[in-house]
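A.B. asks: Need a 3D model of the sequence below.
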Amino acid sequence: MAESDVLRQQLLELIDGRGAHMPFDEAVADFPGDAINRRPPNVTYTPWHLLEHIRIAQHDILDYVRNRDYIAPNWPEEYWPARDATATPEQLQATITGFRADRSALHALVADPATDLLAPIPGTPGHTIVRQVRLVGDHNAYHIGEFAILRQVMGTWPPDRSE
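C.D. replies: Sure thing, here's the model as predicted:
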């Protein structure tokens, strides 16, 4: 297997949350709708806020990679929902669906052998696809782990979940 194939495979595993990370789909599985707007103890945001933040950040990085007219959102207000924002179960599902769609788009981009993973992205200060996928992977892994801990603290894991 060529070096570039090994790198591509490892980046795909990072996007998919395989390896040492809890996958997104496992973290959000069977999340109770009545808990999406509850604030855990000593936390200033809700589970939905956190998932929406993950979705927004991943979408932003994907847009940065694909869109040569990219304009960065304002930090931090455009990377998080408003503190008082609440979501319906349908909005939570839209957040999850949006995350999955952008993850699939990023996966397809990296899986495409025509994508030069190490070439600078035009219009950036030398950023590469590898760099951006590492950012997505690190950010997602951090916050998905945080979401899993919030579930533990809030008691929202299904009772039959094996550890």
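
A.B. asks: the longest helix in this structure is where?
C.D. replies: helix 129-154 (DSSP state H).

A.B. asks: residues of it that come out buried?
C.D. replies: Judged by neighbour count using 16 or more other Cβ atoms under 10 Å, the buried positions of helix 129-154 are 129-133, 135-137, 139-141, 143-144, 147, 150-151, 154. (Glycine included, C-beta is placed from N, CA and C.)

A.B. asks: That one - contacts with which helices or strands?
C.D. replies: Applying 3 or more Cβ pairs under 8 Å, 6 or more residues apart in numbering; DSSP states H and E, one finds that helix 129-154 makes contact with helix 3-16, helix 24-28, helix 47-66, helix 89-111.

A.B. asks: which residues touch the shortest one?
C.D. replies: When contacts are taken as Cβ atoms under 8 Å, 6 or more residues apart in numbering, the neighbours of helix 24-28 outside the stretch itself are Gly17, Leu51, Ile54, Ile96, Phe99, Arg100, Arg103, Asn140, Ile144, Phe147, Ala148, Arg151.

A.B. asks: Just send those back as JSON lines, with distance to Asp5 and pLDDT too.
C.D. replies: Output for these, formatted as JSON lines (distance: Cβ to Cβ, whole Å; pLDDT from 0 to 100):
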{"residue": "Gly17", "distance to Asp5": "21", "pLDDT": "87"}
{"residue": "Leu51", "distance to Asp5": "33", "pLDDT": "98"}
{"residue": "Ile54", "distance to Asp5": "29", "pLDDT": "98"}
{"residue": "Ile96", "distance to Asp5": "31", "pLDDT": "98"}
{"residue": "Phe99", "distance to Asp5": "27", "pLDDT": "98"}
{"residue": "Arg100", "distance to Asp5": "25", "pLDDT": "98"}
{"residue": "Arg103", "distance to Asp5": "21", "pLDDT": "98"}
{"residue": "Asn140", "distance to Asp5": "23", "pLDDT": "97"}
{"residue": "Ile144", "distance to Asp5": "27", "pLDDT": "97"}
{"residue": "Phe147", "distance to Asp5": "32", "pLDDT": "98"}
{"residue": "Ala148", "distance to Asp5": "31", "pLDDT": "97"}
{"residue": "Arg151", "distance to Asp5": "36", "pLDDT": "97"}
